[in-house]
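K.L.:
return atomic coordinates for the entry below.
(one chain, ligands or ions: 1)
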Amino acid sequence: MRKKLTILGVIFIIFAILGYAYFDNQKKQQSQSKPTIGILQLMSHPALDSIHKGIIAGLKDEGYTPGKNIKIDFQNAENDQSNLKTMSTKFANENADLTIGIATPAAQALANTMKKSPVILGAITDPKGAGLVKNNQKPGGNITGVSDQAPLKEQLGLIKQFMPKMKTLGIIYTSSDDSAVAQYKKFVVLCKQEHIRLKAYSIANTNDLTQVAEQAAHSVDAIYVPTDNTIAGAMQTLVGAADKAKVPVFPAVDTMVKAGGVATYGINQYELGVATGKMSAQILKGKKKPSTTPVKFFRHGKLIINQKQADKLGIKVPANLLKEAQQKGEIIK
Ligand code: TRP
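P.N.:
Prediction:
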C-alpha cells in the first residue's frame, strides 16, 4: 500500500514537472514569436510626437497591441547623428521584424542598417529625393511608407489671402534638413510662377534662429516655414522674434500653427502616424510588400487658423476663411 502510494506520488511529481516545462516552453515560444517593431524618432517636437502616437493607434486599429501580441522598441535620437546609428544597430542586433523611421535622418539611418526587413517611412517629405526609394509608386526594395509633403500651393494661396498687400515673403529653413530643403526648392519655383518676391534665410542650427529671424522680420511682410525639424522644435524662438516686428509666421503644419503660427492648410500629423501604423501592420501580416506598395501621399490639408495670434498681430482673418475653418477645419482662440 505504502509502496503504491509512493509510486503514485512519484508519477504525480513527474507529470507536474513535465506539465510545468510544457507550459513554460509555450510561454517562451509565444514571447519569441511576438514580432518586434523598432521605431526610431529623430527628435522630440510636437509634430513628430503626434506621429508617434498615431503610429501606435494605427497598429492597434489593425489588431496589434504593444506588449500583448507585439513588442515595440521605441528610440528617440534627440537629433544626434551618432545616436541614430547606434539605435539602428540595436534594432538589427535584436532582429527587429520591421522598423519605422520618423523624419528623414531616422529613416536614412534605418535604410543603411536594415537591408532585408521592411523599413517604413513615418512622414518623410521626399522619399525619392532622400534616396530612400527608387520610385514613389514602385519603391522596389524593402522600403515604403507615408509622405507628409505639404500642399505648398494651397499654403501660398492662403498667405496671399491673409496678406493681400504683401510685397515680399520670407522663408526660413535649416540648411542641413533634407526635408526643409526639398520644400524650399519647390517653394522657390512656386513663388516665381505666382510672381511673388521671395527672400530666403537659412540657419545651421537653433543657435542662429533668433538673429536670422530678427533679420528676416525686418525685411519681409510675412514668413513661411516649411516642415523643418529644427524650427518645429523651436517655434517660440521664431515667433518671439517675428512678433516684435509684428510679422506673421505661416508654417507648413498644424502643430506649428498651434505653437504661434497664424494659419495653414496642414496635414494632420496624428493622421500621418495612423496611416504609417496601418501600413506597417499590413506589411507585417504579409498582406502587402514594401517593393510593390506605393508611398502614400496626402494631397490636401485642412485649414487651421490661430485667431489669438492673428488678433495679437492685428491681422484681420478673411470672413470666408473663418467660415471654412469653422465648418471643416480648426480655429484656435
Ligand atoms: N517630413 C519631415 C522629415 O522628413 C518630418 C516631419 C514630419 C516634420 N512632420 C513634421 C518636420 C512637422 C517638421 C514639422 O524629416
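
K.L.:
which positions in the stretch 51-200 of the chain make contact with the ligand?
P.N.:
103, 104, 123, 124, 125, 148, 179 (Cβ under 6 Å from any ligand atom). Placement of C-beta: from N, CA and C, glycine included.

K.L.:
my guess is the last one contacts residue 230, does it?
P.N.:
No: counting by Cβ atoms under 8 Å, no contact exists between residue 179 and residue 230, whose distance comes to 10.4 Å.

K.L.:
more neighbours: which of these two?
P.N.:
residue 179 (29 against 21; other Cβ atoms under 10 Å).

K.L.:
contacts for whichever strand or helix holds that one, please.
P.N.:
Residue 179 belongs to helix 178-193 when assigned by DSSP states H and E. With contact meaning Cβ atoms under 8 Å, 6 or more residues apart in numbering, helix 178-193 is reached by 103-105, 124-126, 129-130, 149-150, 152-153, 156, 169, 171, 173-175, 197-198, 200, 224, 226-231, 252.

K.L.:
buried ones from these, can you make that a PyMOL selection?
P.N.:
Applying 16 or more other Cβ atoms under 10 Å to the contacts of helix 178-193, the buried members can be selected in PyMOL as follows:
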select buried, resi 103+104+105+124+125+126+129+130+149+150+152+156+169+171+173+174+198+224+226+227+228+229+230+231+252
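
K.L.:
now, which of the contacts of helix 178-193 lie within strands?
P.N.:
The members of the contacts of helix 178-193 that map onto strands under DSSP state E are 169, 171, 173, 174, 197, 198, 200, 224.

K.L.:
can you pull the contacts of the fifth one?
P.N.:
For residue 197, the contacting residues are 167, 168, 169, 191, taking Cβ under 8 Å, 6+ apart as the criterion.

K.L.:
what pLDDT does it get?
P.N.:
Predicted confidence (pLDDT) at residue 197: the value is 98.

K.L.:
which strand residues bridge it?
P.N.:
Counting by DSSP bridges, residue 197 is bridged to residue 168.

K.L.:
same question for the last one.
P.N.:
According to DSSP bridges, residue 171, residue 250 are recorded as the beta-bridge partners of residue 224.

K.L.:
all helices for this structure, in order.
P.N.:
2-33, 46-61, 81-93, 104-113, 152-162, 178-193, 206-219, 229-232, 235-244, 254-258, 269-284, 307-313, 319-328 (DSSP state H).

K.L.:
need these in a markdown table with mean pLDDT and distance to residue 298, can you?
P.N.:
Formatted as a markdown table, the helices of the chain follow (pLDDT from 0 to 100; distance: least, Cβ to Cβ, whole Å):
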| stretch | mean pLDDT | distance to residue 298 |
| --- | --- | --- |
| helix 2-33 | 63 | 35 |
| helix 46-61 | 98 | 12 |
| helix 81-93 | 98 | 26 |
| helix 104-113 | 98 | 17 |
| helix 152-162 | 98 | 12 |
| helix 178-193 | 97 | 15 |
| helix 206-219 | 97 | 28 |
| helix 229-232 | 98 | 18 |
| helix 235-244 | 98 | 22 |
| helix 254-258 | 97 | 12 |
| helix 269-284 | 98 | 7 |
| helix 307-313 | 98 | 24 |
| helix 319-328 | 98 | 15 |
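
K.L.:
okay if I get those as TSV plus distance to residue 39?
P.N.:
Shown next, in TSV, are the helices of the chain (distance: least, Cβ to Cβ, whole Å):
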stretch	distance to residue 39
helix 2-33	19
helix 46-61	7
helix 81-93	9
helix 104-113	9
helix 152-162	28
helix 178-193	18
helix 206-219	25
helix 229-232	16
helix 235-244	24
helix 254-258	19
helix 269-284	9
helix 307-313	32
helix 319-328	31
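
K.L.:
would you mind saying which of those lies nearest residue 40?
P.N.:
helix 104-113 (4.4 Å; Cβ to Cβ).

K.L.:
how about that closest one: buried residues?
P.N.:
104, 105, 106, 107, 108, 109, 110, 111, 113.

K.L.:
go on, stretch 39-55?
P.N.:
39-43, 45-52, 54-55.

K.L.:
residues contacting stretch 125-140, please?
P.N.:
104, 107-108, 111, 121, 124, 141, 143-145, 147-150, 178-179, 182-183, 227, 290-295, 297.

K.L.:
just the terminal-to-terminal distance for it.
P.N.:
Terminal residues of stretch 125-140 lie 18 Å apart, using Cα to Cα, to the nearest Å.
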